[in-house]
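Participant: what shape does this take:
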Amino acid sequence: MRDDERRRRYDEDPEEEPEGFFEEEEEESAEIEEELRRLLGDMPGFEDELDEPPAYDRGRELEVRVTGVYERQEPGQPRYTLVELRDNYGRRVPILIGQFEAYSIALALSGTVPQRPLTHDLMRNILDRLGVRVDRVVIDDLWRETFYAKIFLTVRKNLEDEEEIEIDARPSDAIAMAIRFNAPIYMTEAVLEAAGVSEDYS
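Facilitator: Residues are numbered from 1 along each chain as shown. Here you go, the predicted model:
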């Protein structure tokens with residue numbers, strides 16, 4: 001069931017009230033309210049209604065960290081690899097990735113420098129030489145079991161001005177680049193709610 005369907009309220013519509021039926025009660029209510037004001041004095045916020053709780057923010061971005069890269073194999077199924085992310089509330093999100101991307105992320109996590117640069121190392125070297133840095137990575141969507149991410153680059157135009165560039169990317173590539181640039185990784189609340197699990201994939 002989708003989030004918007006789960007959150008939809010099914011309140012019954014009130015029955016239509018006959019016109020003028022409650023006019024007498026409304027007058028009494030007004031008199032009572034006036035008497036309360038006389039007894040209690042002018043109280044700040046007396047006329048204000050109670051504040052409604054803040055709406056669920058699907059787009060809110062929470063920082064997550066990579067807890068590891070894992071390999072799993074179910075009986076009778078091919079082997080596959082996962083990268084797991086976790087937020088500060090203990091929600092874990094496993095993302096299915098390719099073996100090359102898993103290897104690249106694992107190397108970066110361990111701080112191992114390959115003899116020859118892998119694709120993500122090459123991309124980092126190019127960006128470094130151009131004076132571009134990865135500012136942050138945001139995993140912001142999940143559609144039909146496919147995660148989507150964006151890499152936000154900061155480009156220095158001159159000594160004073162910088163420009164931010166948004167690049168669409170696979171989460172595995174975005175994570176591999178974020179680790180190499182020591183950039184934070186974020187995930188939207190909607191994705192965390194939809195994909196967060198508590199199982200241990202280690």
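
Participant: pretty sure G68 is touching L85, no?
Facilitator: No. In this structure G68 lies outside contact range of L85 using C-beta atoms under 8 Å: 9.8 Å. All C-beta atoms are positioned from the backbone trio N, CA, C, and that covers glycine.

Participant: between these two, which one's more packed in?
Facilitator: Neighbours per residue (other C-beta atoms under 10 Å) separate G68 from L85, with L85 holding more: 26 against 14.

Participant: mind checking the SS state of that one?
Facilitator: Of the three states, L85 takes strand according to DSSP: H, G, I helix; E, B strand; the rest coil.

Participant: my read is that S172 contacts L85, right?
Facilitator: No. In this structure, S172 sits apart from L85 without contact. The criterion is C-beta under 8 Å, and the distance is 11.3 Å.

Participant: overlap in contacts, those two.
Facilitator: Between them, S172 and L85 share the neighbouring residues I95, with contact defined by C-beta atoms under 8 Å, 6 or more residues apart in numbering.

Participant: so where does I126 fall, helix or strand?
Facilitator: Per DSSP states H and E: I126 is located in helix 119-129.

Participant: please save the CA atoms from that helix in CSV.
Facilitator: The C-alpha coordinates for helix 119-129 follow below in CSV (Å, rounded to 0.1, in the frame of the first residue of the first chain):
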residue,chain,number,x,y,z
THR,A,119,36.6,4.2,-13.1
HIS,A,120,35.5,6.0,-9.9
ASP,A,121,39.1,6.9,-9.1
LEU,A,122,39.6,8.2,-12.6
MET,A,123,36.4,10.3,-12.2
ARG,A,124,37.8,11.7,-8.9
ASN,A,125,41.1,12.5,-10.5
ILE,A,126,39.5,14.3,-13.4
LEU,A,127,37.2,16.4,-11.1
ASP,A,128,40.2,17.2,-8.8
ARG,A,129,42.2,18.5,-11.7
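
Participant: could you say what helices and strands that helix packs with?
Facilitator: Contacts of helix 119-129 with other secondary structure elements, assessed using 3 or more C-beta pairs under 8 Å, 6 or more residues apart in numbering; DSSP states H and E, are made with helix 99-110, helix 171-180.

Participant: any idea which of those helices scores lowest on pLDDT?
Facilitator: Set side by side, the helices and strands packed on helix 119-129 give their lowest mean pLDDT on helix 99-110, at a mean of 93.

Participant: in it, what counts as buried?
Facilitator: Of all the residues in helix 99-110, those buried under the rule 16 or more other C-beta atoms under 10 Å are 101-109.
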